[in-house]
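Enquirer: need coordinates for the following:
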Amino acid sequence: MISIEERIKRADARVSYQEHKKRILQRQEHERQKKAIHRQNYIVGEAVLKFFPQLIELKSLDQFLSMIASNPRLMEQLKKLSMKVNNENDVE
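Expert: Take a look at the predicted model:
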């Protein structure tokens, strides 16, 4: 017969194993999501540079994009254009 202390020890070991397994699965899920986002960003960047190759020569792409984003009128035009493109793709 197993003593109570031994049962508690085994139960604690099972709990620790399950917690460790859960952390590994969470880390794997996080990495999978991170890779998916990285892949998406790469595809978007590649598409942007395909149509706007001059952007590669900018010294501060962040500053350029920040200026675009801070212009409400331009952002509204971009939003309308993207909606138009999405609607045209829905028709096809």
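
Enquirer: show me the shaky parts of the chain.
Expert: 91-92 (pLDDT under 70).

Enquirer: run through the helices of it in chain order.
Expert: Remark: helices assigned in the chain by DSSP state H are 4-51, 61-69, 72-91.

Enquirer: what about Gln28, how many residues close to it?
Expert: 10 (other CB atoms under 10 Å). Every C-beta, even on glycine, is put in place using the N, C-alpha and C of the backbone.

Enquirer: relative to Lys21, how far out is it?
Expert: 11 Å (CB to CB, to the nearest Å).

Enquirer: try Asn41
Expert: Taken as CB to CB, the span from Asn41 to Lys21 is 31 Å.

Enquirer: cool, and Asn71?
Expert: From Asn71 to Lys21 the distance is 50 Å (CB to CB).

Enquirer: chain center to stretch 72-85: distance?
Expert: Centroid separation between stretch 72-85 and its chain, computed with CA atoms, centre = their mean, to the nearest Å, is 23 Å.

Enquirer: distance of the residue sitting nearest the centre point of the chain from Gln63?
Expert: What sits nearest the mean C-alpha location of the chain, by CA atoms, centre = their mean, is Ile37, with 3.1 Å. As defined by CB to CB, Ile37 lies at a distance of 23 Å from Gln63.

Enquirer: alright, I will stop here.
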